[in-house]
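Undergrad: need a 3D model of the sequence below.
(3 chains)
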Amino acid sequence: MTEINIVKDAVKKHGRKRESLMPVLQEIVKQENYLSEERLMEIAKEFDLSSAEVYGVATFYSFLPVKPMGENVIKVCQTIVCDMKGKEAVLDAIKDKLNIVPGQTSADGKFSLMAVNCIGQCSNAPAMLVNDKPYINLTYENVVKIIDEYQS
Amino acid sequence: MPKVYIDGTSIEVENGTTILEACEKIGVEIPTLCYLKHLNPAGSCRLCLVEVKGSRLLQTACTTPCAEGMEVTTMNQNIYNARKLVLELLLANHDDGCFSCPNNGKCDFARYCMDYDIEKSPFPRNKEFPPVDESGEFFTYDASKCILCRRCVRTCAELQCNNTYTLKGRGHETMVGLPFNQLFKTSNCVSCGNCVSVCPTGALSTKSGKKYRDWEIKKTQTTCPYCGVGCQIELHTKGNKVVGVEPLDGPANNNLLCVKGKFAYEFINHKDRLTKPMMRKGGKGSPLEEVSWDEAMSHIAEKMLAIKAESGPDSLAGFASARVTNEANYIFMKMMRAAVGTNNVDHCARLCHASTVAGLATTLGSGAMTNSISEVVDSDVILVSGSNTTETHPVIGAKMRQALLRGAKLIVAEPREIDLAKQAEIFLQIRPGTNVAFFNGMMNVVIEEDLLDKEYVENRTEGFEELKTLISEYTPEKVAEICNINAEDLRKAARLYAKAEKASIFYSMGVTQHSTGTAGVMCTSNLALLCGKIGKYGCGVNPLRGQNNVQGACDVGCLPGDYTAYQKVVNPDARAKFEKAWGVSLPDKPGLTITETIGAIESGDIRCLYVMGENPMLSDPDINHVEHALKKCEFLVVQDIFLTETAELADVVLPAGSYAETDGTFTNTERRVQLVCKAIEPVGDSREDWDIINELMDRLGYKNNFSSSSDILDELAGTSPSYGGYSFERLKKEQPQWPCPNKDHPGTPVLHIGKFSRGERAIFKPSPYIPAAELPDEEYPFVLTTGRVLYQYHTRTMTGKSEGLTNIMGTSFIEINPTDAGKLGIANSDKVKVASRRGEVTVEAHVTDKVAEGILFMPFHYKDGPANKLTNNVIDPIAKIPEYKVCAARLEKF
Amino acid sequence: MEETRILLKNIGKINPVSSADYVAAGGYKGLKKAISNPEAIVDIMKDSGLRGRGGAGFPVGLKWSFTKGTPSDQKYIICNADEGEPGTNKDRILMSGDPHSLFEGMAIAGVAVGATKGFIYLRAEYPYLLPILNDAIKDAEAAGFIGKNILGSNLDFEIEIRSGAGAYICGDETALMESIEGKRGEPRYKPPFPGVSGLWGKPTIINNVETLCNVPQIIDKGAEWFRSIGTESCPGTKLFTLSGNINNPGVYEFPMGVNMRTLFKEVGGGCPGGKKLFAVQTGGASGAIINAEMLDMPMDIECCAKAGAVLGAGDLMFIDESINIIDVVENLIEFFVEESCGKCTPCREGNTRLLEFVHKFKDGTAREDDLERLIEIGSFMQVSSLCGLGQASPVPVLSAIKNFPDKFIVKSDERGQN
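TA: As a prediction, the model looks like this:
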């Protein structure tokens, strides 16, 4: 029962007009880290839209994943400045710590790694987001430390 | 009116005209892939690029509006190169198995590639595609042939409004498909096939289309034979076989079709078609044996003349058909009146919209849709009652949804939570049989809250005071109680309807098929008149006729009291006119209706019944009773395309040609007369309906001068004021709506503008609510109501021959609310026994909250589990229409 | 060289959430003036010569006049805070440090054209700005600067934040509107332009964060004051984001027309490790990559364009000699392949083809006709794509080919089959 409430609550909070679709999708991602088929169907029903429409919107946006994600989502910027300034070291650190590459989730389900496009920290590159928090001027060493923090 | 220059040619165009439209006007061809008339332009394929002077960029002709002084170049090396590159980029990821492609020969994409000298793309394929989806009954989807023009997606979303397709992903990964891992079979697809019709490649193709090539077929423009919308279609025939249907841009359908119109044509060349006349040579009880036309015809003529001689002309009766052409119906009713000498001619309109014809003729003067189908898209408020429009009139349903996309508001007053109810601003789930109370309640709010159009009521109506007195009793609270709805919702609905500038009412058999059907119909016009919504664009009272030509069959006089165009047989002037035209004297007494005829056969007053294209054995109420009567009928002739349940009882069976095998006209529900054109020769030894009757009349001693159905229409036009302007020649070019009194008259899209058909003023006919004749009680605790489903049609004589439709919805069922089902221990798909005072049937239960507690719903199409074994044959006293929509029933697990 | 801090004057100095702090620093004076004479605002904006700071440089006053002149029951002001252009993060600084200047700019726009509702479309990559902006909105509402009856007048102006969800294309104004409407962020064709038919088909002003942050001081101090800063064709200051191989990356404010060499040497401190500057990408990922020899360039729209560079949103990405330019171009095109919305053919299909050709250069298999074909497709995309993304995405590779011809080596004399 509580599961159904996630969608209903989000709809209560944001409304059921078409313009509220994105906020509701984002709300579900915030809580469950991804949009399951079940949730998308529930949302479609709430908005009186076809599941095709809702699915089409979700799959358009990089931050509305439709595949399961771990508890913490690491988004490492892969775009040019971060690429030039050491993105590989960041990914290496994560690989060494969690044994995952972009697109994967750690075996314990704690971390998912996404390589994403520019996150607007070009003057502090390389950078990444862990959930909603930005981490900048990264090096192999400080990435290791950051992950340690999330693991403890 | 901006003036633009296209390749140096100047042209003045309306504001908002696109470059593409302007080019079309002057005959400059621009290649397009994503563009499609009736869809919002997308500007996405970029094939229609042109140069506009002053712009650094190439512009898409399909989206760019003409501006004053604009100079457009439609072809030069730059443009050629750009378009060629668009095609090459698309071709790279387009499967090149053209030899096996069903679209070979009619592929827009291939043609353009040829135009731009492309044999193969210079780029390698760089995309992977999912396997072909062959799960649907009628068509397949091969993503590897998709060029992402999105016509299918947009047609499904903007026109059919079903939103089955999704665009998956973004960027280079973007793909047209279905959400998640759905297949067509498991999606919300309604198989209308409109996506297939618009696909410019073979990505979406009909399963049947794989069996022929475009250049092998003949294309014949004609009118769809299913519901009353009157969609214009193109029949594709190979030899004497119909192999496909494509939609045309007809005034009612604008390139749309439904699953039946698009795919259910198998019946035409079906092996079960009647191909030879048959007779019971050994009399009643002996088997039907094939005979020659001559033998069958002389036998019929002999018998009819003998019965007439013995018992008088009124001992014979004829059922005409809502399925056949106006011309066949006209000659049939002429046979009954002029050759036999009786007014005993009726048809199944009696069973669907007799109350409309009676009711609206009384209040307004004309018993037909007051407005046009296309107007619904522009309505601000649409009130639907007693019509499951998206299933029974799918293309009108789609147009209602188009209106909703544009911001219109919908009110649905229905016993079932039909698909439209989900999109309604206000859904009132009224108890079956309480329409009169509902409409009275609406009017009560309108009057109480002073929302009526006083000037209109004052100047254009009569009987308001009487109405006001009666309506005052129907307070929202009282009506809420009767209808089992919320009083506040009723108030909201009344306000919404009354305050709208353009508000239209659509209804169908949920209003008409009651013992108070005529009252129900008059209530719709009462409400519309009260709010000043008749005689205006986008408004009106719009009865949706269920069959392709039920409007026409009424119009051309297949009614016991009416000649053509509703000229009354009791009117001496009208009678004199027809006596003169036909050169015989005519009876002055109205004939018997269908329901009365069945009774008269039982009583022995009718000895001979001639049935053309009807199947009362499934369609009439209380069919046990009908069966008894027909078996008793001394001489029963059935003229049909299949050996129907009724034909099985006949003494003589005549094989008729289907709509694909005849010329003539159908009149659709919006009073539009449209041509039916012969695409193939009548199968086997069958003959066109009009031709059969024409010969029979000759044998009955009445000689016509008809050598084609065109001649019949000419005679019909000559005797019928509202049809005066029609001829085959004219209908090839335009299809005006009646009244169309002469060949220069443009037709009448909206009735009652300025003046009503009945005279200066329309009349209010206040009607009290009277409960249905049979209400639930302890013995029969449920209310059973009946209706149609999208995937079947009437008694399935045609749709039953479609394998696809049978696979989708091939058996009868009954809908029951989960609470009721729970109490009775019934689970979904369980077999249940349903019984009424008249009979019982066994069907599958569909447990669904579409129906409210205490209500059952059954479709009437099926021979297995025929709903009309249960229905009540009590009739409306005015229109004589049976109460199909309400009877008491009980049910138990089988 | 000293910065000219007009937009950045409050950054780090005030509590960003507090309207009281902002007022104490001279804020909301422009709005007060605007309310006293709404009719005059559009003309002042025209006179000021302010041009859009999001990249296209369209005259702001003119844009506003379209919306003002279109009668409608509802109009909207949208702040484009979808700062997605790689190489740019100036708007993030403004929103995190001085959000009230943005609200004030939006409210003035609303008052000027009769719009009562504003949206800030914030990119999903800045989730940490949401609390700041939301709190600041609440504060401004409580203080009567936005919401109903602003500053005691009979005018309303509400601001709502909408979040993006990870799509560069939503920086395109019409794609952004589709996204606010709850749809896939695919751009619309133009015309009609948003000023006349934008969000939900209503007249809509859409401006970049920096553009709107300029408005309060222009209204407060006058058009003449504004014109006294910057260049004739581009008055005012500009925020420049310096990134890449540079010692002092960051966001800096200078008058328009400041020399790129000054920004590189004096402000940025040159390349780290004493490496030599090799190239500069100007105007973000979709901007031109120029040769280090072209560094002497006054930074305004016209001068950049004349020199074959792009001012864009003021992004300068410095690339030193250790970097392979082909790798840069490859990364950029990969970005566009992923970020193309997929609606129009040239952009959806073209970018992947550009990438294929660049791969050929990378592994040394490119032939003469590959180079021709690459240029042909790129040029085709520039003139035939539906929106700015596809029109601009070939710019880096085409400019790189032009400015670094010796890096795009073909196997001589060999031509392909086609």
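
Undergrad: contacts and neighbour counts: CA atoms only from here.
TA: Noted.

Undergrad: strands of the chain, start to end?
TA: With no chain named, the answer covers chain A. For chain A, the strands defined by DSSP state E occupy A:72-77, A:111-116, A:128-130, A:133-135.

Undergrad: meant chain C actually
TA: Defined through DSSP E, the strands belonging to chain C, from first to last, are C:76-81, C:117-122, C:158-163, C:204-208, C:237-244, C:250-255, C:277-282, C:289-291, C:315-320.

Undergrad: would you confirm that B:T342 contacts B:G318?
TA: No. Judged on CA atoms under 8 Å, B:T342 makes no contact with B:G318 at a distance of 9.3 Å.

Undergrad: if I look at B:V86, how far off is B:C107?
TA: 17 Å (CA to CA, to the nearest Å).

Undergrad: quick revisit: overlap in contacts of B:T342 and B:G318?
TA: In the contact map built from CA atoms under 8 Å, 6 or more residues apart in numbering or on different chains, the residues linked to both B:T342 and B:G318 are B:M336.

Undergrad: and C:C387, how many residues sit next to it?
TA: C:C387: 24 surrounding residues under other CA atoms under 10 Å in any protein chain shown.

Undergrad: what pLDDT does it get?
TA: Confidence at C:C387, expressed as pLDDT, is 95.

Undergrad: list the contacts of C:G182.
TA: When the contact criterion is CA under 8 Å, 6+ apart, the partners of C:G182 are A:18-22, A:57.

Undergrad: switch the cut-off to 7 Å
TA: Shown in contact with C:G182 (CA atoms under 7 Å, 6 or more residues apart in numbering or on different chains): A:18-22.

Undergrad: so which bits of the helix or strand of chain A at the bottom of the mean pLDDT ranking are buried?
TA: Taking mean pLDDT, DSSP states H and E as the measure, the helix or strand of chain A with the lowest value is helix A:2-14, at a mean of 84. Of all the residues in helix A:2-14, those buried under the rule 16 or more other CA atoms under 10 Å in any protein chain shown are A:6-8, A:10-11, A:14.

Undergrad: near chain C, which of those residues show up?
TA: Contacts with chain C within the buried residues of helix A:2-14, counted by CA under 7 Å from any CA of the partner chain: none were found.

Undergrad: and which of those residues is nearest chain C?
TA: Distances from chain C to the buried residues of helix A:2-14, taken as CA to the nearest CA, are shortest for A:H14 (11.2 Å).

Undergrad: for C:P235, list each beta-bridge partner.
TA: Taking DSSP bridges as the rule, C:P235 bridges to C:G230.

Undergrad: how deep is it tucked in, by neighbour count?
TA: Taking other CA under 10 Å as the neighbour definition, C:P235 ends up with a count of 23.

Undergrad: that one and C:I301: what is the separation?
TA: In this structure, C:P235 lies at 11 Å from C:I301, with CA to CA as the measure.

Undergrad: got it, and B:T806?
TA: 68 Å.

Undergrad: give me the more crowded residue out of those two.
TA: Neighbours were tallied for B:T806 and for C:I301 using other CA under 10 Å; the higher tally belongs to C:I301 (22 against 16).

Undergrad: grab the nearest non-local neighbour of the more buried one.
TA: Once its chain neighbours are removed from consideration, C:I301 has its nearest residue in C:L311; the separation is 5.4 Å (CA to CA, 6 or more residues apart in numbering or on different chains).

Undergrad: surely that neighbour is in contact with C:E302?
TA: No. Counting by CA atoms under 7 Å, C:L311 stays clear of C:E302, with 8.5 Å between them.

Undergrad: looking at the two now, which is surrounded by more residues?
TA: Neighbour totals were compared for C:L311 and C:E302, and C:L311 leads with 27 against 16 (other CA under 10 Å).

Undergrad: now do the contacts for the more buried one.
TA: For C:L311, the contact set (CA under 7 Å, 6+ apart) comprises C:282-283, C:299-301, C:304.

Undergrad: next up, phi/psi of it, please.
TA: Reported as degrees, to the nearest 10, the phi and psi values for C:L311 are phi -70, psi -40.

Undergrad: pLDDT weak spots in chain A?
TA: Counting by pLDDT under 70, the low-confidence segments of chain A come to A:1-4.

Undergrad: show me where it has its helices.
TA: Under the criterion DSSP state H, chain A contains helices at A:2-14, A:21-32, A:37-47, A:51-60, A:80-84, A:87-98, A:140-151.

Undergrad: a markdown table please, covering those and showing distance to B:A565.
TA: Putting those into a markdown table (distance: least, CA to CA, whole Å) gives the following:
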| stretch | distance to B:A565 |
| --- | --- |
| helix A:2-14 | 56 |
| helix A:21-32 | 54 |
| helix A:37-47 | 48 |
| helix A:51-60 | 48 |
| helix A:80-84 | 78 |
| helix A:87-98 | 83 |
| helix A:140-151 | 84 |
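
Undergrad: nearest to chain B, of the ones you listed?
TA: Closest among the helices of chain A, using CA to the nearest CA: helix A:51-60, at 4.6 Å.

Undergrad: chain C is nearest to which of the strands of chain A?
TA: Shortest distance between chain C and these, using CA to the nearest CA, is found for strand A:133-135: 6.5 Å.

Undergrad: and that closest one, which residues are buried?
TA: For strand A:133-135, burial by neighbour count (16+ other CA under 10 Å) applies to A:134-135.

Undergrad: what is the helix-or-strand element of chain B with minimal mean pLDDT packed up against?
TA: Using mean pLDDT, DSSP H and E, the weakest-scoring helix or strand in chain B turns out to be helix B:616-619, at a mean of 78. Here helix B:616-619 touches helix B:623-632, going by 3 or more CA pairs under 7 Å, 6 or more residues apart in numbering or on different chains; DSSP states H and E.

Undergrad: just to revisit the earlier point, export the strands of chain A as JSON lines, with columns for distance to chain C.
TA: Below are the strands of chain A laid out as JSON lines (distance: least, CA to the nearest CA, whole Å):
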{"stretch": "strand A:72-77", "distance to chain C": "9"}
{"stretch": "strand A:111-116", "distance to chain C": "9"}
{"stretch": "strand A:128-130", "distance to chain C": "8"}
{"stretch": "strand A:133-135", "distance to chain C": "6"}
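
Undergrad: redo those as TSV? Include distance to C:G171.
TA: Supplementary listing: the strands of chain A in TSV, determined by distance: least, CA to CA, whole Å:
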stretch	distance to C:G171
strand A:72-77	18
strand A:111-116	16
strand A:128-130	20
strand A:133-135	21
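
Undergrad: out of those strands, which comes closest to C:L212?
TA: If you check each of these against C:L212 by CA to CA, strand A:133-135 wins as the nearest, at 25.6 Å.

Undergrad: next one: that closest one to chain centre, how far?
TA: Using CA atoms, centre = their mean, to the nearest Å, the distance from the centre of strand A:133-135 to the centre of the chain it belongs to is 13 Å.

Undergrad: cool, and stretch C:203-213?
TA: 10 Å.

Undergrad: that stretch near chain A at all?
TA: No. Taking CA under 7 Å from any CA as the criterion, stretch C:203-213 and chain A are apart, separated by no less than 14.1 Å.

Undergrad: which parts of the stretch 201-350 of chain C sit against chain B?
TA: Residues of the stretch 201-350 of chain C that fall close to chain B, judged by CA under 7 Å from any CA: C:337-346, C:348-349.

Undergrad: so among the residues you listed, which ones count as buried?
TA: Buried positions within those, assessed by neighbour count (16+ other CA under 10 Å), are C:337-346, C:348-349.

Undergrad: if we only consider those residues, which is nearest to C:G268?
TA: Nearest to C:G268 among those is C:E339, at 29.9 Å by CA to CA.

Undergrad: tell me which of the residues of the stretch 201-350 of chain C next to chain B is nearest to B:N126?
TA: For those, the closest approach to B:N126 (CA to CA) belongs to C:E349, at 9.5 Å.
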